[in-house]
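Asker: give me the fold of what follows.
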Amino acid sequence: MLAERIQSDLTASMKARDQLTTTVLRSVLAAVKEARVAEGAADELTDADVEAVVKREAKKRDEAAAAFADAGREEQAAKERAEGEILARNLPAPLTDAELEELVTRVLQAGGFSSPTDMGPAMKAVQAEVAGRRDGKAVSALVKARLTGG
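Answerer: Residues are numbered from 1 along each chain as shown. Here you go, the predicted structure:
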């Protein structure tokens, strides 16, 4: 399970005295525990639930890095980006542009989606396949372009 892998990575980072990785993984595990309590789950969360928590934490780091960079605090922005990279190791690889285009084409053909009025159902079908491995704005723009003939 993903949570167990994160825990073993935490143990390894503690043994290696990697303070940044240790801090980031501890915060992620705390967020996972918080999510488990919030859901009232007696058992462990599924890998998909843990992955959603890790994505949420990575997104926080990305937003913080952008805010720090905009404020001219490059050192803090670099730290946030480094933390985001540590979190990215525990997420599936994002789709490349070519992979996304192939996936959208395949799903639209399989579902018979061909007009702009099919945007909602088409997006639902495509997002199910993408499974969070690409930004929703990029997916939406590509689906819209394909449905409008662009």
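Asker: contacts and neighbour counts: CA atoms only from here.
Answerer: Will do.
Asker: the helix or strand encompassing residue 139 - what's its average pLDDT?
Answerer: Under the criterion of DSSP states H and E, residue 139 resides in helix 136-147. For helix 136-147, the mean per-residue pLDDT is 88.
Asker: check stretch 79-98 too.
Answerer: 89.
Asker: gap between that stretch and the chain center?
Answerer: 8 Å (CA atoms, centre = their mean, to the nearest Å).
Asker: tell me the contacts of the residue nearest the centre of the chain?
Answerer: Central residue of the chain (CA atoms, centre = their mean): residue 55, 3.7 Å from the mean position. Counting by CA atoms under 8 Å, 6 or more residues apart in numbering, residue 55 touches 87, 91.
Asker: does it belong to a helix, a strand or coil?
Answerer: helix (DSSP: H, G, I helix; E, B strand; the rest coil).
Asker: when you give positions from now on, start the count at 697
Answerer: Understood, numbering begins at 697; the last thing we discussed is residue 751.
Asker: against residue 730, how distant is it?
Answerer: Distance, residue 751 to residue 730, by CA to CA, to the nearest Å: 15 Å.
Asker: repeat for residue 845
Answerer: Taking CA to CA, one finds residue 845 at 45 Å from residue 730.
Asker: quick one, which of those two is more surrounded?
Answerer: Between residue 845 and residue 730, residue 730 has the larger neighbour count (other CA atoms under 10 Å), namely 13 against 10.
Asker: buried set for the host helix or strand of that one?
Answerer: Using DSSP H and E, the element containing residue 730 is helix 715-735. Within helix 715-735, the residues scored as buried using 16 or more other CA atoms under 10 Å are 717-718, 720-721, 724-725, 727-729, 731-732.
Asker: taking those residues together, which two end up most distant?
Answerer: Taking CA to CA, the two most distant members of those are 717 and 732; they sit 22.4 Å apart.
Asker: shaky segments in this structure?
Answerer: Applying pLDDT under 70 to the chain flags the ranges 737-739, 846.
Asker: which residues touch stretch 701-718?
Answerer: 721-722, 725, 779, 782, 786.
Asker: brain fart, stretch 719-737
Answerer: The contact list for stretch 719-737 (CA under 8 Å, 6+ apart) reads 699, 702-703, 705-706, 738, 740-741, 746, 749-750, 753, 779, 782-783.
Asker: understood, closing this out.
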